[in-house]
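J.: Using only what follows, build the 3D model:
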Amino acid sequence: MNRLPTESPEGDRIGGTILAEMLGRETVRGDLWHAEGAKIRCVACGHRCLIAPNRAGICKVRFNQDGELRVPFGYVAGIQSDPVEKKPFFHVLPGSDALTFGMLGCDFHCGYCQNWVTSQALRDPAARTPIQPATPGQLIEAARHLGSRLVVSSYNEPLITAEWAVAVFREAREAGLLCAFVSNGNATDEALDYLKPWISAYKIDLKGFNDQRYRSLGGTLAHVCRGIEMVLERGIWLEVVTLVVPGFNDSEEELKSIARFLARCGRDIPWHVTAFHPDYKMSDGEQTQAESLMRAAEIGAAAGLRFVYAGNAPGRVGRWENTFCPSCNRVLVERSGYRIVGCHLTATGNCPDCGARVPGVWAAGEVNVTTTAESHSGEWMRGPHRVRLGDSSQRP
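T.: Numbering: from 1, shown residues only. As a prediction, this is how the structure comes out:
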């Protein structure tokens, strides 16, 4: 029987025996690793853990058993239909819905994580999330039944469960669906090369621009900045999010540093500045105000970024929810939260007035840009909706 080891290489407890045994059964031989003597070098994330026999990596879900790397496979801990705008992707098929799935575990340990019940399940006994066995076919059947146009790996850190994501994405692509990653950006060349044939879009959380604070979250600023560059080098559509946390990363100097870095990488990268709400170990923190988001958005625009968005404050951030033509400044996509108020792009992502091309993923095969009203009859699909696999009663 496969079983997660009870301690990491550093000697930290991984989790309860029941959870360890359960997750140990839901594994397969991984792809993203190579042997170094009696140890295994995992290359799924930027930590590049060197894992001794019967030990797990920093993520606590990839482990060395009998000289091979065992990795999570065949279950979901979270699955729902989300508006693509919730990811957030604003330049990927506006008004579409994304079947979004996740597993357990993360290579970071952010104290303000808003998905901590899945990401920290093997570190924090309070994070209790049931899992359900699943096959790639079941996920794609649910996506098709719900009319989803994308399949997205999210909720935990998908890099550490990349083998499962690729198994799902293979079937998704065969079904004509686009695939995407929602990640912390602590990537490797090997992992991105492994993913590139299957994914069309990648969202990275750039959590700040202070390396010391990044290390307090479990990562490094340099690795995440390099992850952004690597995604761009591979021609994968990228959008970047910064959760603006009062007192943590909201100084004008730090926001300017983020904006300048992104502008150097590419002025067409959409930068989303989103509102923090008290959660997890920062439950007594201050919620981000709309004024702070608009200030951050203005900083991004002043740095030369063409597409800057303020999120999680619908109706309170003015123009910063909308997409404008970078050439003639016509409003092209009007939003209020997850709702598309109007979409004036052509099916190929051009401005109807001046013809300028707006970068993004605007069409897939016969699927064209549509408004919410054209995509679905009613507003039911415009909010997150929990999915039960195998339940044919779910509304299409």
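J.: CA atoms for contacts and neighbours, from now on please.
T.: Will do.
J.: State the pLDDT value of residue 148.
T.: On the pLDDT scale, residue 148 is placed at 95.
J.: burial count for it?
T.: A count of nearby residues for residue 148, using other Cα atoms under 10 Å, gives 23.
J.: Which residue ranges of the stretch 101-250 of the chain form strands?
T.: 132-133, 150-153, 178-183, 201-205, 237-244 (DSSP state E, counting those that start in this stretch).
J.: Lowest-scoring secondary structure element of this structure by mean pLDDT?
T.: helix 372-375 (a mean of 40; mean pLDDT, DSSP states H and E).
J.: Helix or strand next in line after that one, which one?
T.: Downstream of helix 372-375, the next assigned helix or strand under DSSP states H and E is strand 385-386.
J.: in its sheet, what does that next one sit against?
T.: strand 78-83 (antiparallel) (DSSP bridges).
J.: what mean pLDDT would you report for the partner strand?
T.: Mean per-residue pLDDT for strand 78-83: 94.
J.: can you count the residues close to the closest residue to residue 332 other than its chain neighbours?
T.: Nearest in space to residue 332, with sequence neighbours left out and distances taken as Cα to Cα, 6 or more residues apart in numbering, is residue 344 at 4.9 Å. Using other Cα under 10 Å, residue 344 is surrounded by 19 other residues.
J.: who touches residue 344 in this structure?
T.: The contact partners of residue 344, by Cα atoms under 8 Å, 6 or more residues apart in numbering, come to 331-333, 351-352.
J.: cool, residue 243 as well?
T.: Residue 243 touches 205, 207, 273-276, counting by Cα under 8 Å, 6+ apart.
J.: Quick check: it vs residue 302, distance?
T.: According to Cα to Cα, to the nearest Å, residue 243 stands 19 Å off from residue 302.
J.: what about the helices in this protein?
T.: Applying DSSP state H to the chain gives helices spanning 17-25, 116-119, 136-146, 162-174, 189-195, 211-217, 221-233, 252-265, 290-302, 372-375.
J.: sorry, back to before: winner for burial among the strands of the stretch 101-250 of the chain?
T.: Of all those, strand 150-153 has the most neighbours on average by mean count of other Cα atoms under 10 Å, namely a mean of 28.
J.: Show the average pLDDT along stretch 41-58.
T.: On average, stretch 41-58 scores 96.
J.: if I look at the residue lying closest to residue 65 once chain neighbours are set aside, how far off is residue 39?
T.: Once flanking residues are discounted, residue 65 sits nearest to residue 54: 5.4 Å by Cα to Cα, 6+ apart. For residue 54, the distance to residue 39 equals 10 Å [Cα to Cα].
J.: cool, and residue 165?
T.: Distance of residue 165 to residue 39, computed by Cα to Cα: 25 Å.
J.: Tell me which of the two has more neighbours.
T.: Applying other Cα under 10 Å to residue 165 and residue 39 shows that residue 165 carries more neighbours, namely 29 against 20.
J.: can you pull the contacts of that one?
T.: 153, 158 are the contacts of residue 165 under Cα under 8 Å, 6+ apart.
J.: ok, now residue 188?
T.: With Cα under 8 Å, 6+ apart, residue 188 has these contacts: 43-46, 227.
J.: Show the model's pLDDT score for it.
T.: Confidence score, pLDDT, at residue 188: 98.
J.: what's across from the spatially most central residue of the chain in the sheet?
T.: Central residue of the chain (Cα atoms, centre = their mean): residue 182, 1.1 Å from the mean position. Residues in a beta bridge with residue 182, per DSSP bridges, are residue 203.
J.: separation between it and residue 354?
T.: In terms of Cα to Cα, residue 182 sits 33 Å off from residue 354.
J.: What of residue 88?
T.: 27 Å.
J.: more neighbours, those two?
T.: For residue 88 and residue 354, the more surrounded residue by other Cα under 10 Å is residue 88, and the numbers stand at 21 against 12.
J.: Now stretch 199-214: average pLDDT?
T.: Mean predicted lDDT for stretch 199-214 stands at 97.
J.: Equivalent analysis for stretch 99-111, please.
T.: Here the average pLDDT along stretch 99-111 is 94.
J.: Convert the C-alpha atoms of that stretch to CSV, please.
T.: Taking Å, rounded to 0.1, in the frame of the first residue of the first chain, the C-alpha atoms of stretch 99-111 are listed here in CSV:
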residue,chain,number,x,y,z
LEU,A,99,-14.7,24.0,-14.7
THR,A,100,-12.2,24.4,-12.0
PHE,A,101,-10.6,21.6,-10.0
GLY,A,102,-8.0,21.3,-7.3
MET,A,103,-6.3,18.8,-5.0
LEU,A,104,-4.5,19.1,-1.7
GLY,A,105,-1.2,20.7,-0.8
CYS,A,106,1.0,23.6,-1.6
ASP,A,107,4.7,24.5,-1.8
PHE,A,108,4.0,27.8,0.0
HIS,A,109,2.3,28.5,3.4
CYS,A,110,0.8,32.0,3.0
GLY,A,111,-0.8,33.2,6.2
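J.: So which bits of that stretch are buried?
T.: 99-110 (16 or more other Cα atoms under 10 Å).
J.: next one: stretch 115-129
T.: Quick answer for stretch 115-129 (16+ other Cα under 10 Å): 115-124, 127, 129.
J.: ok, so of those, who is nearest residue 307?
T.: Nearest to residue 307 among these is residue 115, at 26.4 Å by Cα to Cα.
J.: Leaving out chain neighbours, which residue sits closest to that closest one?
T.: Excluding the flanking residues, the one nearest residue 115 by Cα to Cα, 6+ apart is residue 155, at 5.8 Å.
J.: now swap in residue 142 and tell me
T.: residue 389 (6.6 Å).
J.: From residue 75, how far out is that neighbour?
T.: 11 Å.
J.: what residues are shared contacts of these two?
T.: Counting by Cα under 8 Å, 6+ apart, the residues touching both residue 389 and residue 75 are residue 134.
J.: Now do the contacts for residue 196.
T.: Counting by Cα under 8 Å, 6+ apart, residue 196 makes contact with 234, 236.
J.: That should have said residue 78, apologies.
T.: 100-103, 118, 131, 155.
J.: what bridges to it?
T.: residue 102.
J.: Quick check: it vs residue 248, distance?
T.: From residue 78 to residue 248 the distance is 28 Å (Cα to Cα).
J.: for residue 322, same thing?
T.: 27 Å.
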